[in-house]
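K.L.:
Below: sequence and its predicted model.
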Amino acid sequence: MPATVDPARREVAGLYSAHQRWLSSWLRQRLGDSHQAADLCHDIFVRLLAREEPVDAREPRAFLTTVAQRMLFSHYRRQQLERAYLEALRHCAPALAMSPEERAIVLETLVEIDRLLDGLPVVVRRAFLMSQLDGLKQAEIAERLGISLATVKRHLVKAGMHCLLALEP
């Protein structure tokens, strides 16, 4: 590896060469699919390379396990979103059918929205989605969720700020 490579990248390269095979095997055991495991393993190391701060893993396998568990959670969540979306498509009229490209774009958008809303309390997320996707007015959201109008307003502001902060580089 050239001497001009920054220490953080060198550290990730070291983690990769020492633990990639083990991590791939660990993922394969959980997923039951060697191709998905290889893809997820690759995504983990790409994500580590994109970090601005050094990894500094004193216990590399414990660190990689934690990162992998988070990636698995995201993977399963994405699969769940995809299944729900495909199920919703089955109930649409044939005239509303989309091309595979359009479906892929919509699915990616749903995953991105899910990522942006990640970390918010469920009621805040629901209020935001009712407002943005269902087009409900704040009073209707308050009634459906059984909360005050002021609380709905706070939830919408919180969700909006959360999305804005998540979009910042």
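P.N.:
Cool, got the structure. Residues are numbered from 1 along each chain as shown.
K.L.:
For the residue nearest the centre of the chain, which residues are in contact?
P.N.:
Using C-alpha atoms, centre = their mean, the residue of the chain that lies closest to the mean C-alpha position is residue 115, 4.3 Å off. Residues in contact with residue 115 (C-beta atoms under 8 Å, 6 or more residues apart in numbering) are 74, 166. For glycine as for every other residue, the C-beta is placed from the backbone atoms N, C-alpha and C.
K.L.:
where does it land on pLDDT?
P.N.:
Predicted confidence (pLDDT) for residue 115: 78.
K.L.:
Which element, helix or strand, includes it?
P.N.:
Assigned by DSSP states H and E, residue 115 falls within helix 100-117.
K.L.:
For the next helix or strand after that helix, which helices and strands make contact with it?
P.N.:
Using DSSP H and E, the helix or strand that follows helix 100-117 in sequence is helix 122-132. Counting contacts by 3 or more C-beta pairs under 8 Å, 6 or more residues apart in numbering; DSSP states H and E, helix 122-132 packs against helix 100-117, helix 138-145, helix 149-167.
K.L.:
Alright, calling it a day.
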